[in-house]
Structures are given as C-alpha cells and as structure tokens.
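In: okay, predicted coordinates and the sequence, questions at the end:
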Amino acid sequence: MRKQFLKQISPRLLTVREAAEYIGRTETAVRELVWNGKLAHIRTDRRVMLDIRDLDSWIDTNRVAEETKV
C-alpha cells in the first residue's frame, strides 16, 4: 500500500541512482559531478541526495544552443 502511495507522488529528493536515471548519466558520473562541486547535493550522514530542482537547473545551465547556419 505504501509503495503505491509513494509512486503517486513525485519525491523532491532523489538518490544518486534515481538522479542518474533522471539525467541519463551513470551513477559514477553523478558521483563525480557531486565530488567535483558541479552538482548541488544534500548530505545526510553518508547518504547523498539530489534535489530534482537542482538537476533541472544543471540541465538548463549545461544546455548548448545550436549554431545558426547562414
């Protein structure tokens, strides 16, 4: 019952695994982004959580616009 309820809501904080799936990268790549200070995160004890809003911001920041050909 609880899992069904949780699937109906969208959690704001994601695990490294969930964040990797969300942005289409590997878990290792996400961990490297966190360790290098390129991706904001929340650390509670040894657990690293990522705010979905920060992931969206990271995506927007790293977006490369197509060059217009003349």
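Out: Thanks, I have it.
In: pLDDT weak spots in the chain?
Out: 1-7, 67-70 (pLDDT under 70).
In: now the helices for it?
Out: Under the criterion DSSP state H, helices of the chain are mapped to 2-8, 16-23, 27-35, 52-61.
In: tell me the buried residues in the last one?
Out: So that's helix 52-61. 54-55, 58 (16 or more other Cβ atoms under 10 Å). Where C-beta positions appear, they are placed from N, C-alpha and C, glycine not excepted.
In: could you find the closest non-adjacent residue to Arg43?
Out: Nearest residue to Arg43 in three dimensions, chain neighbours excluded: Met49, at 7.7 Å (Cβ to Cβ, 6 or more residues apart in numbering).
In: now do Leu14
Out: By the measure of Cβ to Cβ, 6+ apart, the closest residue to Leu14 outside its immediate chain neighbours is Leu50, 5.2 Å from it.
In: so the one you found touches Arg17, yeah?
Out: No - applying Cβ atoms under 8 Å as the test, Leu50 and Arg17 come out as separate, 10.3 Å apart.
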